[in-house]
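K.L.:
no sequence for this one, just the structure:
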């Protein structure tokens, strides 16, 4: 049995959403989470929903307790708590060059630039638009994605998953200026260099005076690695990527078995 006494000093709990607490693109969170979150808040623990989704969508997942949750949305580039908010965006020239390159991929590739609370798709990409409606996103169709301003995140999508050669090509070309990482099964996400979930967790820790030893994180994909490494107790669900499992403090059960909920209950019971 794991020694749970170490959890007595936990002050910050952060969880990814898709394929960590709900299946990819789903909105219905097990209602037991809401009771656990309320109990954490009663103990003064900050609870955070961290996701590649936009904040509007994450709030819908946590709807019954959304005012008691802090948010690291759009891969940590859109931070919101009761006390402060932060938004981090690309350099305009970097975004424009990236968008032009993604346009040139053609084929079945689509991409979605994001600002806080809004996602944008090409007006011809109806199926892609409908895909994000399932996530509860606020979306706009536009004629020209390249000329958008104040973009904080870009998601490249391929229905069969991002090919390895495309993933590596983008990392080789952009990793000096951007964080480039797989997010879920079909997406490759781009954010400004250093603007990721781990940086978001660090900002929260610094603002509230919380250490990594007082932090618990949960995730499943490569875009969660940075936040797993920003906490002493970083948990990978059993369905996580191999890269995340290697970075994790411990591997727990799978999303289908509510493994994160079970671990949260263990933490709560140890306090």
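P.N.:
Alright, I've got the coordinates. Just so we're clear, the structure is a prediction, and the values are computed from it rather than from any experiment.
K.L.:
ok, residue 172 - how many residues close by?
P.N.:
10 (other Cβ atoms under 10 Å). No exception for glycine: its C-beta is placed from N, CA and C like everyone else's.
K.L.:
helix, strand or coil for it?
P.N.:
Three-state assignment for residue 172 (DSSP: H, G, I helix; E, B strand; the rest coil): helix.
K.L.:
Just name the shakiest helix or strand of this structure by mean pLDDT.
P.N.:
In the chain, no helix or strand scores lower on mean pLDDT, DSSP states H and E than helix 126-133, which sits at a mean of 89.
K.L.:
Which strands or helices does that one pack on?
P.N.:
Secondary-structure packing of helix 126-133 (3 or more Cβ pairs under 8 Å, 6 or more residues apart in numbering; DSSP states H and E): strand 110-115, strand 118-122, strand 139-142.
K.L.:
redo that, cut-off 10 Å
P.N.:
Secondary structure elements in contact with helix 126-133, counted by 3 or more Cβ pairs under 10 Å, 6 or more residues apart in numbering; DSSP states H and E, are strand 110-115, strand 118-122, strand 139-142, strand 153-157.
K.L.:
quick one, what contacts residue 257?
P.N.:
By Cβ atoms under 10 Å, 6 or more residues apart in numbering, the contact list for residue 257 reads 237-239.
K.L.:
Among the residues you listed, name the ones in helices.
P.N.:
Counting by DSSP state H, the contacts of residue 257 place none of their members in helices.
K.L.:
Just the buried residues of these.
P.N.:
237, 239 (16 or more other Cβ atoms under 10 Å).
K.L.:
I'd like the contacts of residue 257 as CSV, with pLDDT and distance to residue 148 appended.
P.N.:
Formatted as CSV, the contacts of residue 257 follow (pLDDT from 0 to 100; distance: Cβ to Cβ, whole Å):
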residue, pLDDT, distance to residue 148
237, 98, 34
238, 98, 38
239, 97, 34
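K.L.:
Out of the contacts of residue 257, which sit inside strands?
P.N.:
In strands, judged by DSSP state E, none of those are found.
K.L.:
which SS class is the nearest residue to residue 99 once chain neighbours are set aside?
P.N.:
With sequence-adjacent residues excluded and distances taken as Cβ to Cβ, 6 or more residues apart in numbering, residue 99 is closest to residue 146, at 4.4 Å. What three-state DSSP gives for residue 146 is coil.
K.L.:
before we move on, the earlier item: can you add distance to residue 183 and give the contacts of residue 257 back as TSV?
P.N.:
What follows is those, written out as TSV (distance: Cβ to Cβ, whole Å):
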residue	distance to residue 183
237	15
238	19
239	14
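K.L.:
OK, contacts around the spatially closest residue to residue 148 that is not a sequence neighbour?
P.N.:
Counting by Cβ to Cβ, 6+ apart, residue 148 lies nearest to residue 113, which is 5.3 Å off, once chain neighbours are set aside. Contact analysis of residue 113 by Cβ under 10 Å, 6+ apart lists 90, 95, 98-99, 102, 119-121, 142, 145-146, 148-155, 190.
K.L.:
Just the buried ones among those residues, please.
P.N.:
Counted by 16+ other Cβ under 10 Å, the contacts of residue 113 give 90, 95, 98-99, 102, 119-121, 145, 148, 151-155, 190 as buried.
K.L.:
can you name the two of those that are farthest apart?
P.N.:
90 and 121 (17.7 Å; Cβ to Cβ).
K.L.:
quick one: pLDDT of the residue nearest to residue 99?
P.N.:
Looking at residue 146, its pLDDT is 97.
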